[in-house]
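> Sequence plus predicted model, see below.
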Amino acid sequence: MKLTRSKRSLAAQRKPARLTGRAVAVEAAFVAGVLAILLSLLGSAVVPAASAGKRDKNKNTDAIALSKKFKGKLPITELTEDEAIDHALNRLAYGPRPEDVERIREIGLEKWIEQQLNPDSIDDSALDTRLKKYPTLKMSSQELLQEFPQPAQAAKQQGVTKEEIQEEQREKRREAMTSVLVTGDDNLDKAQLQLAMIQGPGRIVAELSMAKVDRAIYSQRQLEAVMEDFWFNHFNVYANKGADRWFLTSYMRDTIRPGTLGKFDDLLIATAKSPAMLFFLDNWQSVDPEAFQKWRQQMEGRRRFQGMFRGGFTPPMPGEFPRQGATMPGFPAANQQQQRPEERGLNENYGREVMELHTIGVDAGYTQQDVIEMAKCLTGWTIREPRRDPEYVFKPEFHTQGKKIVMGHTIDYGGEKDGEEALRMLANDPRAAAFISTEIARHFVSDNPPQSLIDRMTREYQESGGNIRDVLHAMIYSPEFWSKQAYRAKVKTPFELVASTARALDADIAVSLPVAQWVGRMGEPLFLCEPPTGYSDKSETWVNTGALLNRLNFALSFASDHMLGATVDLGIMLGDDASKDAEMALSRALDVFLNGQVAPGTRDTLEERLKDPQILQAKLDDPVKQVNEGLISGLVLGAPEFQRR
């Protein structure tokens with residue numbers, strides 16, 4: 001539910017007052033106590049109380065009966081209807097928004113899933129309107145280089161000093177900050193000032209990050225958004241490597257997003273030709289050494305020949321000698337130090353990573369010679385001019401001609417097709433089918449997905465020619481996906497947690513920058529994973545005391561309406577009568593944020609905190625005037641059931 005202006009005003013009135021130093025210390029002690037309990041709970045298996053009772057009553061029953069209208073052909077036998085909805089929205093989407101659960105009940109779970117598998121059938125115009133405030137999203141890499149040049153590059157282009165350019169950027173920053181309209185909403189005004197301070201090249205990744213957050217929270221095409229994040233992480237590119245900052249926008253818009261549910265080999269080749277990937281893994285500099293030497297000699301000879309006719313050079317008359325010290329254009333003087341020629345050769349980085357990380361996996365049995373041969377297939381795949389015209393181009397003069405043998409396959413098509421066919425060979429290898437299926441299953445099902453599921457997905461991959469939509473369909477229509485073991489078996493990554501929290505709170509986010517910054521604070525800065533592996537998809541990476549403290553603080557800040565750039569109104573969600581009754585506030589928070597699916601241990605832990613002065617906002621026997629709903633909701637959002645998906 002979107003907040004109207006009056007609701008935003010009401011939310012501001014309900015916002016808890018700023019804490020004093022003593023209150024902060026008390027709250028810190030309170031959070032630390034809760035954290036210790038929640039940490040122990042998160043490390044254990046979570047079994048929802050609602051379903052546990054049903055299991056006891058039906059322990060002799062083989063399957064839970066769900067209506068045909070609801071589940072269709074989905075093989076759901078171990079989850080209740082509530083659990084199945086919760087499971088689908090947390091695996092195939094970034095968690096439920098308040099209206100999502102009822103909508104699925106109305107149209108049926110299978111119909112909702114089929115819509116998500118076919119995103120073009122879903123109207124997402126509201127998101128498109130929201131994203132219009134990020135002008136860089138529609139700019140080409142060339143336009144971004146022109147609009148947001150590095151200070152040194154801008155100085156060279158304009159014929160001024162680097163310091164003058166830096167002062168010019170500082171002036172732009174001051175102008176942007178003074179142009180911010182003060183609304184009187186402290187959270188919004190501070191967020192707008194933060195964003196206004198980001199000028200120059202940093203603005204590109206800032207807008208890309210905000211758009212990624214907005215897409216995860218507000219897109220109706222949730223599965224497409226999840227797959228976009230999955231494939232970017234699979235084909236990871238680090239924004240802070242040289243020119244890649246200017247290439248990432250096009251990479252996301254023109255390469256990753258169009259291929260999220262298509263054929264894997266098409267996506268693989270598109271990423272291989274992307275300037276972002278070419279630059280990140282250095283393939284744009286990979287050339288056949290002999291071909292490069294030959295080309296360089298030709299270029300040097302051409303330059304010398306052309307130089308002979310420049311600068312008004314007049315050759316000596318017959319019988320005369322050139323003046324002492326005179327030189328012929330295009331040739332250095334005897335005492336002139338010659339510039340050392342550029343040395344370039346075969347670069348194996350991409351040839352190795354495309355096998356190890358992108359297709360067949362590190363255990364596929366390829367050799368170092370296979371890496372070399374793969375790199376040879378891809379020579380000549382480069383970028384026209386990285387700092388001026390950063391478009392993919394194939395340069396045949398740098399390509400290794402002749403036969404190459406990669407993992408027993410002979411590649412001898414000639415030219416650019418050598419690389420294309422080598423990549424298609426990898427994409428259609430049975431080992432790639434198993435590797436990609438395992439990666440997808442690990443993301444959507446569990447850290448150690450059942451082999452029976454992987455085998456089923458692998459067969460579908462091979463039969464469909466690597467059709468990603470078909471592989472997902474095979475996974476979703478498998479009983480392993482809907483098993484009790486898979487339910488809440490994954491721990492949310494920081495990005496998943498941020499998106500799902502915002503959706504659960506039905507937050508109205510006007511400036512997404514502070515929300516995106518929280519993702520980085522919890523350990524997953526967007527577009528800034530330096531290794532080509534991307535971020536880990538395993539729970540163990542994200543479960544430790546420091547990380548969970550950040551997660552709990554994030555949930556408390558957001559639920560208490562202290563998130564910069566965002567507005568939350570718990571009164572609408574929990575009801576005004578809950579503001580004076582702690583038990584009622586907790587009960588409704590569990591229903592709203594966890595659909596009532598909470599383990600007894602978690603419920604007991606939360607109920608024990610209800611008498612705390614921080615919750616009641618009252619001392620000793622003083623009457624409770626207003627319950628701290630933000631703190632109660634933040635604790636529920638910090639609970640193991642919400643941290644898992």
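Alright, I've got the coordinates. Only a predicted model underlies this, so the values are computations on that prediction, with no experimental measurement involved.
> which residue is nearest the middle of the protein?
Centroid-nearest residue in the chain, with C-alpha atoms, centre = their mean: residue 229, separated by 4.2 Å.
> helix or strand for the residue nearest to that residue when sequence neighbours are not counted, which one?
Nearest residue to residue 229, sequence neighbours excluded (C-beta to C-beta, 6 or more residues apart in numbering): residue 495, at 6.9 Å. Heads up, the C-betas are built off the backbone N, CA and C, glycines and all. Residue 495 is part of helix 494-504 when elements are defined by DSSP states H and E.
> who does the following helix or strand past that helix touch, helix- and strand-wise?
Beyond helix 494-504 on the C-terminal side, the first helix or strand identified by DSSP H and E is strand 508-509. With contacts taken as 3 or more C-beta pairs under 8 Å, 6 or more residues apart in numbering; DSSP states H and E, strand 508-509 sits against helix 202-218, strand 566-567.
> and these as a markdown table, adding mean pLDDT?
Below are those laid out as a markdown table (pLDDT from 0 to 100):
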| stretch | mean pLDDT |
| --- | --- |
| helix 202-218 | 97 |
| strand 566-567 | 96 |
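> nearest to residue 512, of the ones you listed?
helix 202-218 (3.9 Å; C-beta to C-beta).
> for that closest one, packing partners?
In terms of contacts (3+ C-beta pairs under 8 Å, 6+ apart), helix 202-218 is packed against helix 125-131, helix 222-234, helix 244-250, helix 494-504, strand 508-509, helix 513-521.
> Just give me how far that helix sits from the chain centre.
10 Å (C-alpha atoms, centre = their mean, to the nearest Å).
> That one versus helix 494-504: what angle between them?
Here helix 202-218 runs at 50 degrees with respect to helix 494-504, directions being taken by axes from the mean of the first three to the mean of the last three C-alpha atoms, to 10 degrees.
> mind listing what's buried in helix 202-218?
Residues of helix 202-218 classed as buried: 203-218 (neighbour count, 16 or more other C-beta atoms under 10 Å).
> Kindly report the same for stretch 542-559.
Judged by neighbour count (16+ other C-beta under 10 Å), stretch 542-559 contains these buried residues: 542, 547-559.
> Could you point out which of those residues is nearest to residue 474?
When the buried residues of stretch 542-559 are compared for distance to residue 474 (C-beta to C-beta), residue 542 wins out at 27.8 Å.
> Residue 594 versus that closest one, what's the distance?
The gap separating residue 542 from residue 594 is 19 Å, by C-beta to C-beta, to the nearest Å.
> now swap in residue 629 and tell me
The value you get for residue 629 to residue 594, if C-beta to C-beta is used, is 16 Å.
> Where does the prediction get shaky in this structure?
Residue ranges of the chain with pLDDT under 70: 1-62, 301-343, 618-625.
> Would you map out the domains in it?
Domain assignment for the chain by automatic domain parsing gives 9-42+493-514+542-643, 50-117, 263-304+343-445+448-467.
> Dump those to JSON lines, plus distance to residue 181.
Compiled in JSON lines, the domains of the chain are given as follows (distance: least, C-beta to C-beta, whole Å):
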{"stretch": "domain 9-42+493-514+542-643", "distance to residue 181": "12"}
{"stretch": "domain 50-117", "distance to residue 181": "29"}
{"stretch": "domain 263-304+343-445+448-467", "distance to residue 181": "35"}
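> Residue 383 reaches residue 395, doesn't it?
No - if you go by C-beta atoms under 8 Å, residue 383 and residue 395 don't touch, sitting 10.1 Å apart.
> With neighbour numbers in mind, choose between the two.
Neighbour comparison, residue 383 and residue 395: the larger count goes to residue 383, with 23 against 15 (by other C-beta atoms under 10 Å).
> I'd assumed that one was in a helix, is it?
No - assigned with DSSP: H, G, I helix; E, B strand; the rest coil, residue 383 falls outside any helix and is strand.
> which residues touch it?
Counting by C-beta atoms under 8 Å, 6 or more residues apart in numbering, residue 383 touches 275, 278, 279, 284, 390, 391, 392, 393.
> how close does residue 147 get to residue 134?
Taken as C-beta to C-beta, the span from residue 147 to residue 134 is 13 Å.
> Neighbour count for those two, which is higher?
More crowded of residue 147 and residue 134, by other C-beta under 10 Å: residue 134, with 20 against 15.
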